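Undergrad: Structure for the following, please:
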Amino acid sequence: MKDFRDKVVVITGAGSGMGRELAVKLARRGAKVAISDVDPEGLGTTERLVLEAGGDVHAQLLNVAEREAFLDYAETVATHFGSVNAVINNAGIAHNGEIETMEFKDIERIMDVDYWGVVNGTKAFLPHIIASGDGAIVNISSLFGLLSEPGQAAYNSAKFAVRGFTEALRQEMLISDHNVAVTCVHPGGIKTAIARNATASGDNDAKSAAEFFDKYLARTSASKAADIILGAVEKERARVLVGADAKLIDVGVRLVGSYYQGITARLTKWALSRT
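TA: All right, here's what the predicted structure looks like:
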């Protein structure tokens, strides 16, 4: 997919952040976009922005964790536009909490959206993308798909799973000679609402964690992240690191291997002592 013009691109989690930026930028490049989210107000705003950008848009409320609804959605989009060239599985949520204090339901909720949502989106649209003859699947993992962070076990689990799933999918597409490029995206700290919308368990304070993330860690704008992602798709890259922090962590983990765990634990303990 060297050019997005007249291509049909599906974007989940398009009600804000990277999803919204991707939708608007694709519309400006001449793509037809199908956008979805669980937030009706945010989705409506994105739809308006896409229309203002001159785009052809199909907007629908969707919970990516609901598999049957996702399968129906794929048929609806394919019927509406006549074909589907790409899906960007972007929808995601976060939860702060230690394994000792987290409820099973906290872990399940994150896995349902952040992992199974990606699987559902991939499986639902893959037949349509293969049939298009010129397609791409883009799955959003995370910096936390490169290393694990204490207090983020559920999110780490989902994002590592997305990475493994996506890398296997890419290899299968190469073996089958399907003209489908597969890209796994690892964003670092992006200025989006995901931290502010995160839940928490145990002694964790979701508001304080969000404020810390927004102030110290969110260094890359959603607009810049979207540009990097679309550039990677055009180049059919297998993996893209978004932000200097993601690139630095990737190099660090490669250099020190599993020793990163002790380093991260000490840094986290120090940071917690300062709050």
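Undergrad: So for stretch 124-141, what gets flagged as buried?
TA: Neighbour counts using 16 or more other CB atoms under 10 Å place 124-126, 128-130, 132, 135-141 of stretch 124-141 among the buried residues. Placement of C-beta: from N, CA and C, glycine included.
Undergrad: Out of these, the closest to Thr166 would be?
TA: Of all the buried residues of stretch 124-141, Thr166 sits closest to Asn139, with 4.4 Å by CB to CB.
Undergrad: what helix or strand does that closest one sit in?
TA: Using DSSP states H and E, Asn139 falls within strand 135-140.
Undergrad: mean confidence for that strand?
TA: Averaging pLDDT along strand 135-140 gives 98.
Undergrad: If you count neighbours, what's buried in the helix or strand encompassing Glu75?
TA: Assessed by DSSP H and E, Glu75 sits inside helix 67-81. Across helix 67-81, burial judged by 16+ other CB under 10 Å covers 67, 69-70, 73-74, 77-78, 81.
Undergrad: Show me which helix runs longest in this structure.
TA: Ranked by number of residues, the top helix in the chain under DSSP state H is helix 153-176.
Undergrad: Quick one: mean pLDDT over the helix or strand following that one.
TA: Going down the chain from helix 153-176, the next helix or strand is strand 180-187, by DSSP H and E. Strand 180-187 shows an average pLDDT of 97 in the prediction.
Undergrad: Could you list the residues in contact with strand 180-187?
TA: 1, 18, 126, 129-130, 135-143, 145-146, 162-163, 166-167, 169-170, 173, 220, 225, 229, 232-233, 236-243, 246, 250 (CB atoms under 8 Å, 6 or more residues apart in numbering).
Undergrad: swap in stretch 161-178?
TA: 111, 114-115, 118-119, 122, 130, 137, 139-142, 145, 180-184, 186, 238.
Undergrad: okay, now His186: neighbour count?
TA: Residues within reach of His186, counting by other CB atoms under 10 Å, total 23.
Undergrad: what pairs with it across the strands?
TA: Counting by DSSP bridges, His186 forms beta bridges with Leu241.
Undergrad: who does the helix holding Glu75 touch, helix- and strand-wise?
TA: On a contact count with 3 or more CB pairs under 8 Å, 6 or more residues apart in numbering; DSSP states H and E, helix 67-81 meets strand 8-11, strand 32-37, strand 56-61, helix 116-132.
Undergrad: Toward the C-terminus, what is the element adjacent to the helix or strand of the chain with the lowest mean pLDDT?
TA: When the helices and strands of the chain are scored by mean pLDDT, DSSP states H and E, helix 206-212 comes last with a mean of 57. Using DSSP H and E, the next helix or strand after helix 206-212 towards the C-terminus is strand 220-221.
Undergrad: How far away from the center of its chain is that next one?
TA: Counting by CA atoms, centre = their mean, to the nearest Å, strand 220-221 is centred 15 Å from the centre of its parent chain.
Undergrad: who's in contact with the very next helix or strand once past it?
TA: Going down the chain from strand 220-221, the next helix or strand is helix 222-234, by DSSP H and E. Contacts to helix 222-234, defined as CB under 8 Å, 6+ apart, come from residues 1-4, 17-18, 20-22, 25-26, 29, 86, 88, 136, 138, 181, 183, 185, 187, 190-192, 240, 242-243.
Undergrad: Next, the angle strand 180-187 makes with helix 222-234.
TA: Angle, helix 222-234 to strand 180-187, by axes from the mean of the first three to the mean of the last three CA atoms, to 10 degrees: 150 degrees.
Undergrad: relative orientation of helix 222-234 and strand 135-140 in degrees?
TA: Using the same axes, to 10 degrees: helix 222-234 against strand 135-140 is 140 degrees.
Undergrad: could I get helix 222-234 in PDB with only the CA atoms?
TA: Once non-C-alpha atoms are left out, helix 222-234 reads as follows in PDB (Å, rounded to 0.1, in the frame of the first residue of the first chain):
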ATOM      1  CA  ALA A 222      -0.800  12.200  18.600                       C
ATOM      2  CA  SER A 223      -0.400  14.000  15.300                       C
ATOM      3  CA  LYS A 224       3.300  13.200  15.100                       C
ATOM      4  CA  ALA A 225       2.600   9.600  16.100                       C
ATOM      5  CA  ALA A 226       0.000   9.300  13.300                       C
ATOM      6  CA  ASP A 227       2.500  10.600  10.700                       C
ATOM      7  CA  ILE A 228       5.100   8.000  11.800                       C
ATOM      8  CA  ILE A 229       2.600   5.200  11.700                       C
ATOM      9  CA  LEU A 230       1.300   6.100   8.200                       C
ATOM     10  CA  GLY A 231       4.900   6.500   6.900                       C
ATOM     11  CA  ALA A 232       5.700   3.000   8.200                       C
ATOM     12  CA  VAL A 233       2.600   1.500   6.500                       C
ATOM     13  CA  GLU A 234       3.600   3.100   3.200                       C
END
